[in-house]
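1. A structural model of the following input is requested.
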Amino acid sequence: MNKKKTFQEVTKIWCDAKRPIVKHSTLCAYLLTLQTHLLPQFGAMETITECDVQQFVINKCAEGLAKKTVRDMVAVLKSVVKYGNKHGIFPFEEWDIEYPTDTGNRLLPTLSLNHQRILMHHLIEQPTPQNIGVLLALCTGMRIGEVCALKWEDVDFAQKTITVRHTVGRIYNCESKTTERIHSAPKTKNSCREIPISKQLFQSLKVVRKQSQATYVVGTSVQSKEPRSYRDYFSRLLKRLNIPHLVFHGLRHTFATRCIESQCDYKTVSVILGHSNVATTLNLYVHPNLSQKKRCIDRMSNFLGIT
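-> Presented below is the predicted three-dimensional model:
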């Protein structure tokens, strides 16, 4: 093995190796995770044991961070350490990390059916370049970055489809200590997708298209709408309509929940949402209640034909 280095020293070499390979936004996310969570804990260490990582996981979960967030941190940690081991500058033995068990299903933020109807009536009655993005999210499940990056050229009025090709977001650049607005392809290959346009959304899009000279569907500027400012607009809109506060991503959850409630098949919902696999959709949105479970048991019993 070459001269041993600290985790912080290995991190710098790892980042330089990653820089030409990963997207700029991905590298910035890695750097933020490292600087905020990993380097304060492991920076000076020359070896990191399974016990060290297990305690880190327990502490982060106890702070209230989501299990997925902590898993992502550990993935970055492992990538750096394995890189160091491969180049003979940092030891690594496989870790078997356990994560605290969830105490119950975390309820996703969604609109009630009544509040959804109030909001949709307002949006359909007032189809404007500002309102159309909220209706898009409610009728397609698109993420806010995808909504703000949507161009009119991505809307096919003849086929009544929307093609999701881009996303926009603001990231923190740890190196320059500034934030940057980044246009990029959506987060995964499956996120590039074609979505049919519902009849309610179609009429509103036609009205807004006649009003708009802009390149982008949402807003009137030559630039894409800033997701941060559009979240603020959405919050003010809910307040005006006396609808309880909801994060913008709750519109995506609302769309998916209504699809499942109306008995759309899970695979189709998964494809529309752009999930990487149907398991993600099932884990997030499919939670059968007791009556559904009873129907399932009765159906199986009847199929057996045993009296």
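2. Go through stretch 215-225 and flag the buried ones.
-> Buried residues in stretch 215-225, counted by 16 or more other C-beta atoms under 10 Å: Tyr216, Val217, Val218, Gly219, Ser224, Lys225. The way it works is simple: take the backbone N, C-alpha and C, and place the C-beta from them, glycine included.
3. Residues in contact with the top helix by length along the chain: which ones?
-> Longest helix of the chain, by residue count under DSSP state H: helix 67-86. By C-beta atoms under 8 Å, 6 or more residues apart in numbering, the residues outside helix 67-86 that reach it are 5, 7, 10-11, 13-14, 17, 30, 33-34, 37-38, 42, 48, 53, 56-57, 60-61, 90-92, 95, 97, 99-100, 102.
4. Report the rounded mean pLDDT for that helix.
-> On average, the pLDDT along helix 67-86 is 94.
5. one step back: any chance of the buried residues of stretch 215-225 in TSV, plus pLDDT?
-> Converted to TSV, the buried residues of stretch 215-225 look like this (pLDDT from 0 to 100):
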residue	pLDDT
Tyr216	95
Val217	96
Val218	96
Gly219	89
Ser224	91
Lys225	92
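6. Tell me the helix or strand right after the longest helix of the chain.
-> Using DSSP states H and E, the next helix or strand after helix 67-86 towards the C-terminus is helix 113-125.
7. Dump the C-alpha coordinates for that following helix into CSV.
-> The C-alpha trace of helix 113-125 is given here as CSV (Å, rounded to 0.1, in the frame of the first residue of the first chain):
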residue,chain,number,x,y,z
LEU,A,113,-60.2,15.4,-3.0
ASN,A,114,-62.3,18.5,-2.1
HIS,A,115,-59.3,20.8,-2.1
GLN,A,116,-58.0,19.4,-5.3
ARG,A,117,-61.4,20.2,-7.0
ILE,A,118,-61.4,23.7,-5.6
LEU,A,119,-57.8,24.3,-6.9
MET,A,120,-58.5,22.7,-10.3
HIS,A,121,-61.7,24.7,-10.8
HIS,A,122,-59.8,27.9,-10.2
LEU,A,123,-56.9,27.0,-12.5
ILE,A,124,-59.3,25.9,-15.4
GLU,A,125,-61.3,29.1,-15.0
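8. which sections of the stretch 51-200 of the chain are below the confidence cut-off?
-> For the stretch 51-200 of the chain, the stretches with pLDDT under 70 are 102-106, 172, 174-175, 187.
9. how about 90 then?
-> 61-68, 99-109, 169-191 (pLDDT under 90).
10. what about Lys267, how many neighbours?
-> 12 (other C-beta atoms under 10 Å).
11. ok, back up a step: out of the contacts of helix 67-86, which are inside helices?
-> 7, 10-11, 13-14, 17, 30, 33, 42, 53, 56-57, 60-61.
12. before we move on, the earlier item: quick one: buried ones out of the contacts of helix 67-86?
-> Among the contacts of helix 67-86, those scoring as buried are 5, 7, 10-11, 13-14, 30, 33-34, 37-38, 42, 48, 53, 56-57, 60, 90, 95 (criterion: 16+ other C-beta under 10 Å).
13. contact partners of stretch 293-307?
-> Under C-beta under 8 Å, 6+ apart, the answer for stretch 293-307 is Pro288.
14. Report the mean per-residue pLDDT for it.
-> The average pLDDT within stretch 293-307 is 80.
15. Need the CA coordinates for that stretch. PDB is fine.
-> C-alpha atoms of stretch 293-307 as PDB (Å, rounded to 0.1, in the frame of the first residue of the first chain):
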ATOM      1  CA  LYS A 293     -57.300  -7.100   1.800                       C
ATOM      2  CA  LYS A 294     -60.500  -8.800   2.600                       C
ATOM      3  CA  ARG A 295     -61.700  -8.600  -1.000                       C
ATOM      4  CA  CYS A 296     -58.300 -10.200  -2.000                       C
ATOM      5  CA  ILE A 297     -58.700 -13.100   0.400                       C
ATOM      6  CA  ASP A 298     -62.400 -13.600  -0.700                       C
ATOM      7  CA  ARG A 299     -61.400 -13.600  -4.400                       C
ATOM      8  CA  MET A 300     -58.700 -16.200  -3.700                       C
ATOM      9  CA  SER A 301     -61.100 -18.400  -1.600                       C
ATOM     10  CA  ASN A 302     -63.800 -18.200  -4.300                       C
ATOM     11  CA  PHE A 303     -61.300 -19.200  -7.000                       C
ATOM     12  CA  LEU A 304     -60.400 -22.400  -5.100                       C
ATOM     13  CA  GLY A 305     -64.000 -23.500  -5.300                       C
ATOM     14  CA  ILE A 306     -63.900 -25.300  -1.900                       C
ATOM     15  CA  THR A 307     -67.100 -24.900   0.100                       C
END
